[in-house]
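Undergrad: The sequence isn't on hand, but the structure is:
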């Protein structure tokens with residue numbers, strides 16, 4: 001069994017549902033004149049990543065997420081994150097459960113990934129174990145792992161590693177797991193056997209574009225975050241008056257994130273629910289009562305969502321989202337006179 005297959009086998013044993021390997025560069029490194037140190041040749045793939053990111057930023061689609069503007073060249077090239085990086089081991093865990101959200105009036109809607117506990121710590125711990133396994137196999141290898149926390153364009157690397165393709169909603173879609181994979185990666189100086197990049201199977205389908213209630217998918221494969229409900233309910237700080245009335249109306253009863261573009265994906269038909277306990281919902285996240293949540297104070301909010309991704313919205317943002325959802329709540333119709 002090759003080193004690459006041993007690493008993949010270990011990743012699967014740790015509970016990852018998908019694993020693949022991508023090469024960092026299309027080209028060999030060249031040695032710079034006079035210093036004897038390798039200088040990366042800008043490969044076509046890395047250039048496309050950089051151009052895609054900088055154009056998206058130039059359009060202002062990142063909104064107030066200013067950290068995305070910092071060192072875009074680093075985000076587009078893992079070798080600037082881990083010197084000498086040759087391979088990216090991309091992993092995915094499905095977070096789809098067999099539960100359904102309570103859609104009754106008076107309840108809010110929370111994105112599926114936040115139904116359970118925060119996945120970052122759990123997946124990060126598993127990747128640390130994978131790094132330890134790699135180190136035991138090849139002690140001289142250098143590694144660095146991330147779970148949505150580092151300057152890595154993880155969806156692009158997952159696509160290049162064959163886990164799935166980036167759909168028209170800009171999320172990764174797997175033919176086996178649908179759009180429900182949470183991603184992580186291990187950067188390594190090892191030159192591993194690589195997988196074939198995934199093929200885009202979206203075809204002429206436009207269901208995700210049509211499903212977006214705020215028209216955030218401004219063109220296929222391009223999302224304007226400033227119109228996206230996930231951005232509005234999680235990343236945007238400030239009062240409700242920062243959100244235009246048409247976007248507030250489009251938010252409906254969503255109080256943390258949005259799954260509308262994912263729910264309509266035809267590849268959901270092939271997706272199997274996870275057995276990972278971290279992703280299983282609680283009564284609060286599956287059927288959140290708007291009236292009850294509106295009365296939370298900061299201490300109760302912190303205690304209730306101590307191990308939840310919902311903490312990221314902070315109490316002020318969460319209460320703002322709840323107030324908007326309450327305003328959008330259908331009013332009972334008056335009886336005929």
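TA: Sure thing, it's come through. Remember, predicted model here, so these are calculated numbers, not experimental data.
Undergrad: Give the pairing partners of the helix or strand where residue 255 lies; include direction for each.
TA: Element membership of residue 255, judged by DSSP states H and E, is strand 254-256. Each strand paired with strand 254-256, and its direction, by DSSP bridges: strand 109-110 (parallel).
Undergrad: What's the first helix or strand after the strand holding residue 255?
TA: helix 260-263.
Undergrad: so where's the stretch 51-200 of the chain uncertain?
TA: Along the stretch 51-200 of the chain, the model assigns pLDDT under 70 to no residue.
Undergrad: can you pull out the helices in it?
TA: For the stretch 51-200 of the chain, applying DSSP state H, counting those that start in this stretch gives helices covering 72-75, 119-137, 154-160.
Undergrad: Any idea which of these gets closest to residue 238?
TA: When these are compared by CB to CB, helix 119-137 sits nearest residue 238, at 24.6 Å. The C-beta positions use only the backbone N, C-alpha and C, and glycine is treated the same way.
Undergrad: Check which residues of the closest one are buried.
TA: In terms of neighbour count (16 or more other CB atoms under 10 Å), helix 119-137 has its buried residues at 119, 122, 123, 124, 126, 127, 130, 131, 133, 134.
Undergrad: could you dump the helices of the stretch 51-200 of the chain to a markdown table with distance to residue 327?
TA: Output for those, formatted as a markdown table (distance: least, CB to CB, whole Å):
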| stretch | distance to residue 327 |
| --- | --- |
| helix 72-75 | 37 |
| helix 119-137 | 31 |
| helix 154-160 | 34 |
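Undergrad: right, so of these, which gets closest to residue 191?
TA: The closest of the helices of the stretch 51-200 of the chain to residue 191 is helix 119-137. By CB to CB, the value is 13.0 Å.
Undergrad: helices or strands next to the closest one in the packing?
TA: Counting contacts by 3 or more CB pairs under 8 Å, 6 or more residues apart in numbering; DSSP states H and E, helix 119-137 is packed against helix 3-13, strand 87-94, strand 143-146, strand 181-188.
Undergrad: For residue 115, give me phi and psi.
TA: Residue 115 adopts backbone torsions of phi -70, psi -40, taken as degrees, to the nearest 10.
Undergrad: For it, which non-adjacent residue is spatially closest?
TA: residue 281 (3.6 Å; CB to CB, 6 or more residues apart in numbering).
Undergrad: That neighbour: how many residues sit nearby?
TA: 17 (other CB atoms under 10 Å).
Undergrad: what does residue 148 give?
TA: Neighbour number of residue 148 under other CB under 10 Å is 14.
Undergrad: which residues touch it?
TA: 120, 154, 182, 183, 184 (CB atoms under 8 Å, 6 or more residues apart in numbering).
Undergrad: how close does the third one sit to residue 231?
TA: So that's residue 182. 18 Å (CB to CB, to the nearest Å).
Undergrad: What does residue 259 show for phi and psi?
TA: Given degrees, to the nearest 10, the pair of backbone angles that residue 259 has is phi -120, psi 10.
Undergrad: and the gap between it and residue 225?
TA: Per CB to CB, residue 259 is found 16 Å from residue 225.
Undergrad: ok, now residue 11?
TA: 30 Å.
Undergrad: now residue 239
TA: Taking CB to CB, one finds residue 239 at 19 Å from residue 225.
Undergrad: quick one on the thing from earlier: output the helices and strands packed on helix 119-137 in a markdown table; the columns should cover distance to residue 158 and mean neighbour count.
TA: Listed next are the helices and strands packed on helix 119-137 as a markdown table, based on distance: least, CB to CB, whole Å; neighbours: other CB atoms under 10 Å:
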| stretch | distance to residue 158 | mean neighbour count |
| --- | --- | --- |
| helix 3-13 | 13 | 17 |
| strand 87-94 | 4 | 26 |
| strand 143-146 | 12 | 21 |
| strand 181-188 | 5 | 25 |
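Undergrad: Residue 69: which of those is closest?
TA: Among the helices and strands packed on helix 119-137, strand 143-146 sits nearest to residue 69 (CB to CB), with 19.0 Å.
Undergrad: quick one on the thing from earlier: mind picking the two most distant members of the contacts of residue 148?
TA: Top of the distance list for the contacts of residue 148 (CB to CB): 120 and 154, 12.5 Å.
Undergrad: if we can go back for a sec, for the helices and strands packed on helix 119-137, give me a markdown table that also has distance to residue 301.
TA: Converted to a markdown table, the helices and strands packed on helix 119-137 look like this (distance: least, CB to CB, whole Å):
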| stretch | distance to residue 301 |
| --- | --- |
| helix 3-13 | 36 |
| strand 87-94 | 27 |
| strand 143-146 | 28 |
| strand 181-188 | 24 |
